[in-house]
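**Student:** Sequence first, predicted coordinates after that:
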Amino acid sequence: MKRKISFIISFSYLIISLFILSYVVYRSEIYHDGSMSNYYFKYYLISILLLSFSITSFFFSKEFKYKTTTLIISIIFVFYILEIYLFLSKDDFSNGKFYKKLKSEYEDLVVRIPPNFYANEKSKDLFPVSGISNKFTILCKEYDEIIVYKSDRYGFNNTDDAWDENQIEYLIIGDSYAQGDCVKREYNLSGNLEKISNKRVINLGYAGNGPLLEYVSLKEYLPLTKVKKILWIYYEGNDLNFTNLGTELQDEILLKYLKDKNFIQNLYLKQAQINSMAKSQLKKSLAEYEKKIMYDKFKILKLFNLRYLITNFKLTNERESYKISQEFKNIVSMTKELADKNGIDLYIVYIPDNYRYDKKKKFLVKDIHDYKKIIDYFKELNIPVIDIHSKLLKNKDDPNLKRLNQYHFSKDGYRVISEYIYNFILNYENN
């Protein structure tokens, strides 16, 4: 009987190790089509070691096998207790959750739909750069409250009357830092600059935008108002990566803006179609959120949260550094040309990657994200650079400039940055 139990234990080891190896092969070679082989290498190694152990176990003594099995079961039990704890204690910052929570408090509440959501749609005849117009829109949550704003007539984060002004002092383009994640409108860059300067600001920023989408936003909506200064909020942490600029350069509609300087979609005339497209995306996103809730529970079986915690406990974590490209140079040049053509002063606001200041992160190059090359290229085109990296280095102990969980600034952080921007431009114009 003991011999039979011993055999069953070893046979169970073998079946489990073969299943794990098969699953790793499926995820690496079939699901990801071999594109993530480097990532799955460690799992191949672990599964092969497990397989070797299971075969060897047939030759273990019964006593050793029983003790080993008891130890393994105990370790697995502890792992899953930790996994369940991590799953229950983690915060869900998804807008799908916030929508379910707030939809009864607001009439016609919507969730922001970043323009880059449309990059993977092949059959579209329009590429929006804004969201649903005149709706209470969930922005995000990083600090104490869920931020909701009322979108303007074109789906941006402005008060609608800004478009009726005869003169706009600052027009802002950029990504989530420009849009104002995750603070109320009066505390983001545009809100602070309006208070400091006592002049009107229009914000065309949207989360997930890369340089090409930012240029398109400018090209489409600049003709609707008279602007004195353009502030391009450039974030080195992802503007040049594949998800942002890389994805934008693969879209047929967006590429037309690069190839033909006269190309325009006249998006301001097509807001009804933009609203319809965004509502369709919203419906799809909310359905995917419901699926994600179920999938997150399934990830407990794979010890997802525990593995993530262990990975982020490494003393060093290599961080990708992005490179300047000719396409990016072309976009900068075209943006400068568009500003000059309209007699507008263009300023770059350079927001650094927060990981620059994280000792756990290890960059593989000295000139992170081609910082010096990009700054030099801006200066080569006579574009003034408001370098927040230099500001942060000089004031690295300023608690106002700390970014929560490696994301965005607090309302105090945006205030400090806004004051720096305003004073820089004031000094630049007076010299």
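**Tutor:** On my side now, so go ahead. Numbers count the residues shown, from 1 in each chain.
**Student:** Which helix or which strand is home to residue 191?
**Tutor:** Element membership of residue 191, judged by DSSP states H and E, is helix 189-197.
**Student:** Run me through the strand neighbours of the following helix or strand past that helix, direction for each.
**Tutor:** Sequence-wise, the next helix or strand downstream of helix 189-197 (DSSP H and E) is strand 201-203. Strand 201-203 sits in its sheet next to strand 168-174 (parallel), going by DSSP bridges.
**Student:** Tell me the helix or strand right after the partner strand.
**Tutor:** Later in the chain than strand 168-174, the nearest helix or strand by DSSP H and E is helix 176-179.
**Student:** List of residues touching that following helix?
**Tutor:** 139-140, 157, 172, 188-189, 203-209, 231, 233, 235, 351, 408-409 (Cβ atoms under 8 Å, 6 or more residues apart in numbering). Quick note: C-beta positions are derived from backbone N, CA and C, even for glycine.
**Student:** Apply 7 Å and report the result again.
**Tutor:** Contact with helix 176-179 is made by 157, 172, 189, 203, 205-207, 233, 235, 351, 408, as judged by Cβ atoms under 7 Å, 6 or more residues apart in numbering.
**Student:** Need the buried ones from those selected in ChimeraX.
**Tutor:** Restricted to buried positions by 16 or more other Cβ atoms under 10 Å, the ChimeraX selection for the contacts of helix 176-179 reads:
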select :157,172,189,203,205,206,207,233,235,351,408
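**Student:** re the thing from before, so which bits of the helix holding residue 191 are buried?
**Tutor:** By neighbour count on 16+ other Cβ under 10 Å, the buried set for helix 189-197 is 189-194, 197.
**Student:** pLDDT and distance to residue 357 added to those residues, as a markdown table?
**Tutor:** Conversion of these to a markdown table gives the following (pLDDT from 0 to 100; distance: Cβ to Cβ, whole Å):
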| residue | pLDDT | distance to residue 357 |
| --- | --- | --- |
| 189 | 98 | 20 |
| 190 | 98 | 25 |
| 191 | 97 | 26 |
| 192 | 98 | 22 |
| 193 | 98 | 25 |
| 194 | 97 | 29 |
| 197 | 97 | 29 |
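**Student:** And the strands in this structure, which stretches?
**Tutor:** Applying DSSP state E to the chain gives strands spanning 110-111, 136-140, 147-150, 168-174, 201-203, 227-235, 317-319, 345-351, 361-363, 385-387.
**Student:** Put the alpha carbons of stretch 29-41 into CSV.
**Tutor:** Only the C-alpha atoms of stretch 29-41 are listed here, as CSV (Å, rounded to 0.1, in the frame of the first residue of the first chain):
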residue,chain,number,x,y,z
GLU,A,29,5.0,29.8,-28.7
ILE,A,30,1.3,29.8,-29.5
TYR,A,31,-0.4,32.6,-27.6
HIS,A,32,2.5,35.1,-28.1
ASP,A,33,3.7,33.5,-31.3
GLY,A,34,7.3,33.3,-29.9
SER,A,35,7.6,37.1,-29.5
MET,A,36,8.1,36.8,-25.8
SER,A,37,10.6,33.9,-25.6
ASN,A,38,13.0,35.9,-23.5
TYR,A,39,10.3,36.6,-20.9
TYR,A,40,9.3,33.0,-20.7
PHE,A,41,12.9,31.6,-20.6
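**Student:** Report the mean per-residue pLDDT for that stretch.
**Tutor:** Mean pLDDT, computed over stretch 29-41, is 81.
**Student:** which residues sit against that stretch?
**Tutor:** With Cβ under 7 Å, 6+ apart as the test, stretch 29-41 has contacts from 24, 27-28.
**Student:** try 6 Å this time
**Tutor:** The contact list for stretch 29-41 (Cβ atoms under 6 Å, 6 or more residues apart in numbering) reads 24, 28.
**Student:** where are the low-confidence patches of the chain?
**Tutor:** Across the chain, the ranges flagged by pLDDT under 70 are 1-2, 89-95, 289-290, 293, 295, 311-321, 358-367, 393-397, 403-406.
**Student:** which residue is nearest the middle of it?
**Tutor:** By Cα atoms, centre = their mean, the chain has its centre lying nearest to residue 208, at 5.9 Å.
**Student:** Just to check, that residue is in contact with residue 116?
**Tutor:** Yes: between residue 208 and residue 116 there is a contact at 4.2 Å, judged by Cβ atoms under 6 Å.
**Student:** Domain-wise, how is this structure divided?
**Tutor:** Per automatic domain parsing, the structural domains of the chain span 2-89, 96-430.
**Student:** quick one, which of these is packed in tightest?
**Tutor:** Mean neighbours per residue, mean count of other Cβ atoms under 10 Å, is largest over these for domain 96-430, with a mean of 18.
**Student:** how about the strands of the chain in JSON lines, adding distance to residue 283?
**Tutor:** Rendered in JSON lines, the data for the strands of the chain read as follows (distance: least, Cβ to Cβ, whole Å):
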{"stretch": "strand 110-111", "distance to residue 283": "10"}
{"stretch": "strand 136-140", "distance to residue 283": "15"}
{"stretch": "strand 147-150", "distance to residue 283": "19"}
{"stretch": "strand 168-174", "distance to residue 283": "28"}
{"stretch": "strand 201-203", "distance to residue 283": "26"}
{"stretch": "strand 227-235", "distance to residue 283": "30"}
{"stretch": "strand 317-319", "distance to residue 283": "36"}
{"stretch": "strand 345-351", "distance to residue 283": "33"}
{"stretch": "strand 361-363", "distance to residue 283": "38"}
{"stretch": "strand 385-387", "distance to residue 283": "40"}
